[in-house]
Each structure stands twice: as C-alpha cells, then as structure tokens.
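Colleague: I would like the atomic coordinates for the input below:
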Amino acid sequence: MWMEKGKILIAVPTFENIKPQCFKSIYGLTNPKDFNLYFDYVKGYDCARARNEIAKLAIKHDFDYVLMVDSDVSVQKDALVKLLECETDIALGWYFKKRTRTDESVIFDFGKDYSNQR
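Modeller: Residues are numbered from 1 along each chain as shown. The predicted structure is shown next:
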C-alpha cells in the first residue's frame, strides 16, 4: 500500500545571510521516516515579519510541519525526530549555548545564568 509522505518546511528567517554552520547543520538533519523535507529562507525583513512570511508560505503550500531555524544557530542532527516525538501541535526547540562578547559559552535556564559555574 502506497502512503503519501508528510511535508516539513525547514525555513530560515534572516536579515542578511545564513551562517555556513547553520546551513551545514540543516543539510545534516536526519530525515524522519515518512516525511519529505523542503528548505527555504526569507531574507531582508525583521525577524517577526520574516517568521510571518514563512508561516504564510507553509499555509499556502500545505506543509504538515514547519521548523524555523535562526540563521546563526546550528541544529542537532536529530532535532526533527525529537520534535516530532512530542506529538503535539506546537513544539519548541531551544539552544543552550550563546556566544558573548568575550566569546565565552553561556548556558541559560529560564533566565538563570550558569556561565560562572564550572
């Protein structure tokens, strides 16, 4: 029996360019079984407007899911699989490392700064 695959839009809202590490991590994502992956980006808008344009695109082309990835973030290889395992209408991923002006990694947990704990 032939079953139609679901469609996942992976989109990057960006004001300028997509960082190479970001694109490489998207390219390296594990493709969940029974899904086709599509990539697009929206360039030149502020982040909120770019996200709205991505949402419109997803509705227009009848995507089952949308993954928005910021242009300076690398996603884990199994990010899509883990998000789909949530079995909910909306699932949010988060990244725990953000660079500071001193190039020191900082880990945040609900606003608590763990950077000074070693």
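Colleague: tell me the contacts of the most centrally placed residue in the chain?
Modeller: Central residue check for the chain by C-alpha atoms, centre = their mean: the C-alpha nearest the mean position is that of V69, 2.8 Å away. V69 sits next to 10-12, 22, 25-26, 75 when contact means C-beta atoms under 8 Å, 6 or more residues apart in numbering. Where C-beta positions appear, they are placed from N, C-alpha and C, glycine not excepted.
Colleague: And the furthest pair within these?
Modeller: A11 and S25 (14.1 Å; C-beta to C-beta).
Colleague: of these two, who's got more company?
Modeller: A11 (23 against 17; other C-beta atoms under 10 Å).
Colleague: Could you look up the SS state of that one?
Modeller: Under DSSP: H, G, I helix; E, B strand; the rest coil, A11 falls in the strand class.
Colleague: Name the next helix or strand downstream of the longest helix belonging to the chain, please.
Modeller: What stands out as the longest helix in the chain, according to DSSP state H, is helix 47-60. Using DSSP states H and E, the helix or strand that follows helix 47-60 in sequence is strand 65-68.
Colleague: strand partners of that next one, parallel vs antiparallel please.
Modeller: Strand 65-68 sits in its sheet next to strand 6-14 (parallel), going by DSSP bridges.
Colleague: hmm, back to that, from the middle of its chain, how far away would the longest helix of the chain be?
Modeller: 14 Å (C-alpha atoms, centre = their mean, to the nearest Å).
Colleague: Run the angle between that helix and strand 6-14 for me.
Modeller: On the basis of axes from the mean of the first three to the mean of the last three C-alpha atoms, to 10 degrees, helix 47-60 is oriented at 160 degrees to strand 6-14.
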